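Peer 1: Here is a sequence with its predicted model. Questions after.
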Amino acid sequence: MIVALVLLPAVAGAVLLCVGASGAGVRRTGAVAVAAVTAALSVAVAVTADSASAPFVGVDGGHLGLDGGGLARVVVPTVGLVALAVTVFASGEILEARPRFFGCLLLFTSSMLVTVTATTLPTLLIGWELMGAMSYALIAFEWRRAGKVAAGTTAFITTRLADLGLYVAAGAALAGTGSLALDDLASGSGGWTDVAAAGVLLAALGKSAQLPFSAWLSAAMEGPSPVSALLHSATMVAAGGFLLLRLADLLAASGWAATAAAWVGALTALVLGAVACAQRDLKQLLAASTAAQIGFVVLAAGVGATAGGTAQLVAHAAVKASLFVVAGAWLTALGTKQLVGLRGAARRFPALGAVGVVSAAALAGVPPLSLWATKDEVLASVGAPALHLVALLAAALSAAYAAKVVVIVLAEPSPDPLVDVEHRGSRHVPRTTLAPAVALASVGAGLGVVAVPAVAESLRALLAAESQPAPTAFDLAFGATVAVAVAAVAMRWPGALARTERTPLVAWAGLPRLLTARPLLVVAERLARWDDTVIDRAAVGLATLTARAAAHAARRDVSGVDGAVRATARGMVRLGAASRRPQTGLLHQYYAQAVAGLAVLFAVLLIVR
């Protein structure tokens, strides 16, 4: 069953990519049907905790393994059901090249399902890499429009650079454990556990748009609204947070990696929350809030709050998918993403407006909606006072930017809404919008049931996290009070948030500059100077010393070796000449020489005796 779960959308998506644009309506219906069957299979896999494996490479843990148990029992149906809702929404939103779009969307869904069910690094890398490729194709889907391909490229290259960490982790796993199984990563010997943890942390932070990689999420807003709805909720951005929750034992075994994850998550929630407050563009506000909310998931992985992090991941997926569906419908109807042009949008479209307000309230952490309870589930495990304070401030900012949206969409409608030059409002909402938006918002609101102790305990038991602390009644009441108070203040004095629009926060606090070529050029220039002043000079100096040594050796050769050879030759010539002198050819001289020789021998004999 689990094999069918990942193969069905993958095969259907590949087929749709290969067919032409004719019969788009039939293919749209087929894509929705495939998404519906995938959603049903995802629920069935979660209930049965099905698993499967196949040989791949000949090392321990080198097989292709899928498992629907553990953390996947919660996340798999989340992916399947959110993907179904977004596919239904997209069936009325995308107006051209439908087969190609739905093909990429189904492959995107399949890659996330592989990622959350993977039991080995080879399996994880297959899903991880396919997800990155499909994100590029979907963000740059409208490739004829200016800026779309550049946005897809920014997202792809940024996450791709971070993805190299997984390959480092795979190498460390083989060196430290001899296994590629995910569950064996924490048992590495020597410093290999730290190397693996660093690689996993890098890959996860990049995928989930955490600091310092957050700005690629801003560029990704160039993609169609259904892409944003799926990418920001249950797939790519959630994948990094899921991976850290899945490998929380590796972070804990390393020690420093858990601390780093906790602080990066908390700081991302704080900084990107402030960025969200300053946005004038609704999609940019929702994008910044996505990075901020996933920051709580990363924080949960760092402090070991697996149950709270999982609840936050699922609740945020439903809430954010609902908000992006609503935002996409408003964009289509009113022709603008600018908040000033969306004044009164909830009044213009009351049913959709009610859904948007409920989802925004859930995002704010207003009780009894979901993100109120899930944030406190995470904060209950945060022991360090400074870290706890940062997380509380980030939670307060959630209420502020959510209230900013509510104030604008509930205001009196503008007589002449601002219209983007690229879009012209159709003045109607796609028919396929309301049902998925209501379904997602209902789940997002209903997950506040996590605040009920019995439900929270059941979730911890399902995830084998019974030892993790639970929030007290005071914690829940305090969190609710902060959220309501901040939201009330933001709605009463909206000008305070409007002033942030004139600060660098509106440009994502300068984070996009980190993703441009300028920092690389600065590094390259410094490396070039270092090359000229150090490496080049060292090479020239070595060559000079070598030339001098060669000249000295040549002189020694001429004056020493050659001189010795010539002296030996002259000596041999003289010895030869001397040895030729007795050879006169006269017999009496030979007799005289023989007598002289015998006399010498006789004298020696006498002396020796």
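Peer 2: Sure thing, it's come through.
Peer 1: Ile53 belongs to a strand, doesn't it?
Peer 2: In this structure residue 53 is Ser, not Ile. Yes. Counting by DSSP: H, G, I helix; E, B strand; the rest coil, Ser53 falls inside a strand.
Peer 1: Which strand residues bridge it?
Peer 2: Gly65 (DSSP bridges).
Peer 1: And the pLDDT at it?
Peer 2: Looking at Ser53, its pLDDT is 94.
Peer 1: Can you give me the domain boundaries for the chain?
Peer 2: According to automatic domain parsing, the chain comprises the domains 1-254, 263-511, 520-608.
Peer 1: mind giving me CSV with the ones you listed and columns for mean neighbour count?
Peer 2: C-beta here means a position set from N, CA and C on the backbone, and glycine is covered the same way. Output for the domains of the chain, formatted as CSV (neighbours: other C-beta atoms under 10 Å):
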stretch, mean neighbour count
domain 1-254, 22
domain 263-511, 21
domain 520-608, 10
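Peer 1: Confidence-wise, which of those is weakest overall?
Peer 2: Ranked by mean pLDDT, the domains of the chain bottom out at domain 520-608, which scores a mean of 82.
Peer 1: ranges for the strands of this structure?
Peer 2: Along the chain, the stretches classed as strands by DSSP state E are 51-54, 64-67.
Peer 1: Not counting its neighbours along the chain, what's nearest Thr88?
Peer 2: Rather than Thr, residue 88 is Val. Spatial nearest neighbour of Val88, excluding adjacent residues (C-beta to C-beta, 6 or more residues apart in numbering): Pro436 at 4.9 Å.
Peer 1: From Thr78, how far out is the one you found?
Peer 2: 14 Å (C-beta to C-beta, to the nearest Å).
Peer 1: Could you double-check that Pro436 lies in contact with Val325?
Peer 2: Yes. At 5.8 Å, Pro436 counts as touching Val325 under the criterion of C-beta atoms under 8 Å.
Peer 1: Spit out the residues that contact the two alike.
Peer 2: Ala85, Val86, Phe89 (C-beta atoms under 8 Å, 6 or more residues apart in numbering).
Peer 1: among the residues you listed, which are in helices?
Peer 2: Members of those lying in helices (criterion: DSSP state H): Ala85, Val86, Phe89.
Peer 1: looking at it, the last one is touching Arg431, isn't it?
Peer 2: No. Applying C-beta under 8 Å, one finds Phe89 not in contact with Arg431, separated by 10.4 Å.
Peer 1: just to revisit the earlier point, how about CSV for the shared contacts of Pro436 and Val325, with distance to Arg555 added?
Peer 2: Shown next, in CSV, are the shared contacts of Pro436 and Val325 (distance: C-beta to C-beta, whole Å):
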residue, distance to Arg555
Ala85, 87
Val86, 82
Phe89, 86
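Peer 1: Surely Leu313 is in contact with Val75?
Peer 2: Yes. Proximity of Leu313 to Val75 meets the contact threshold set by C-beta under 8 Å, at 6.9 Å.
Peer 1: Can you work out which residues contact both of these two?
Peer 2: In contact with both Leu313 and Val75: Phe242, using C-beta under 8 Å, 6+ apart.
Peer 1: right, and the strands of the chain - which one's nearest Val357?
Peer 2: Evaluated with C-beta to C-beta, the strands of the chain place strand 64-67 nearest to Val357, the distance being 39.3 Å.
Peer 1: Check which helices and strands that closest one sits against.
Peer 2: Counting by 3 or more C-beta pairs under 8 Å, 6 or more residues apart in numbering; DSSP states H and E, the packing neighbours recorded for strand 64-67 are helix 2-18, strand 51-54, helix 98-117, helix 121-139.
Peer 1: Can you spell out which helices and strands pack onto the longest one?
Peer 2: To tie it back to what came earlier, the one meant is helix 98-117. Counting contacts by 3+ C-beta pairs under 8 Å, 6+ apart, helix 98-117 packs against helix 2-18, helix 24-48, strand 64-67, helix 72-93, helix 121-139, helix 225-231, helix 236-246.
Peer 1: Now the closest residue in space to Leu331 that isn't next to it in sequence. Its backbone dihedrals?
Peer 2: Distances taken as C-beta to C-beta, 6+ apart place Lys337 nearest to Leu331, at 5.6 Å, with adjacent residues excluded. Main-chain dihedrals, Lys337, degrees, to the nearest 10: phi -100, psi -10.
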